[in-house]
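[1] predicted model and sequence follow; I will ask about them next.
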Amino acid sequence: MNIVILGAPASGKGTQAQLLSEKLKLFHFQTGELSRDLAEKDPRIKKIVDSGKLIPEEEMTMYALDYLKENKSDLKNILFEGFPRFISQYGALEMFLKTKGDDIDAVIALDITEKEAIRRLSARRICENCGEVYNLITSPPPEAGKCGKCGGKLMQRADDKPESIKARFAYYKDNTKKLIDYLDKKGKLLRVDGERPIEVIFEDILERLKKIEND
Ligand code: AMP
């Protein structure tokens, strides 16, 4: 089963994607991580990513499809997080999968308000050593400023700073929100309330995916 998870920044898509990929044994494909890796080698991409802007849509499609060809060439059982984000990227991915006899089987959209997203993003901290993610409100580290796993220093992701959060939201509204509305009209979307506890959302998604599989 190939699944796409969509949502505003801080809608919880990373958390749900991780839980789903573990439970359903899916390959978790994150273009945020891919972009941050590319940024380490390319100052132009670093500037885009750090400012909260998006990599040009077709360029990102090329990176994403190349990555899949190299790392998951059977194109089966993938959970897509962060890609597609544009209608054009969705079309390109769908076509790419179809030429290999596969498809996108489900698209999940996590709904949260902008106010809640900003509250969550401002509280997010990441370990600069091991990458463990904390939230000062919902999952704080055992000791302030220090990673509970490796003792590394906690920092704020460059694109979680207030100016970048604003930019990421503007891009979300201009692009991903349009993709969500487009898929909603096509009846292709599982809309999920993302402001409930993590486990409740997770069970809800699992149940709805089961229904799709049984249909
Ligand atoms: P994320 O962690 O998904 O919020 O992604 C972090 C950053 O990676 C974004 O702000 C973009 O700069 C870049 N990025 C990730 N996915 C895409 C995409 N589908 N299209 C364009 N840029 C992307």
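    Received, thanks.
[2] Gly52: neighbour count?
    By other Cβ atoms under 10 Å, 22 other residues sit near Gly52. Bear in mind the C-beta positions are built from the backbone N, C-alpha and C, glycine included.
[3] same question but for Leu183, I mixed them up
    Number of residues near Leu183 (other Cβ under 10 Å) recorded here: 21.
[4] mind checking which helix or strand it is in?
    Assigned by DSSP states H and E, Leu183 falls within helix 177-185.
[5] just checking, next helix/strand downstream of that helix?
    Using DSSP H and E, the helix or strand that directly follows helix 177-185 along the chain is strand 189-193.
[6] pull out the buried residues from that following strand.
    Using 16 or more other Cβ atoms under 10 Å as the test for burial, strand 189-193 gives 189-190, 192.
[7] could you do stretch 20-40 as well?
    Neighbour-count burial for stretch 20-40 [16+ other Cβ under 10 Å]: 20-21, 26-32, 34-36, 38-39.
[8] now, among those, which is nearest to Ser51?
    Ala39 (11.0 Å; Cβ to Cβ).
[9] show me the contacts for that closest one.
    Residues near Ala39 by Cβ atoms under 8 Å, 6 or more residues apart in numbering: 45-46, 48-50.
[10] quick one: buried residues of the helix-or-strand element of the chain with minimal mean pLDDT?
    For the chain, using mean pLDDT, DSSP states H and E, the weakest element among its helices and strands is helix 162-171, scoring a mean of 82. Of the residues in helix 162-171, 164-165, 167-169, 171 count as buried by neighbour count, 16+ other Cβ under 10 Å.
[11] please consider this matter closed, and thank you.
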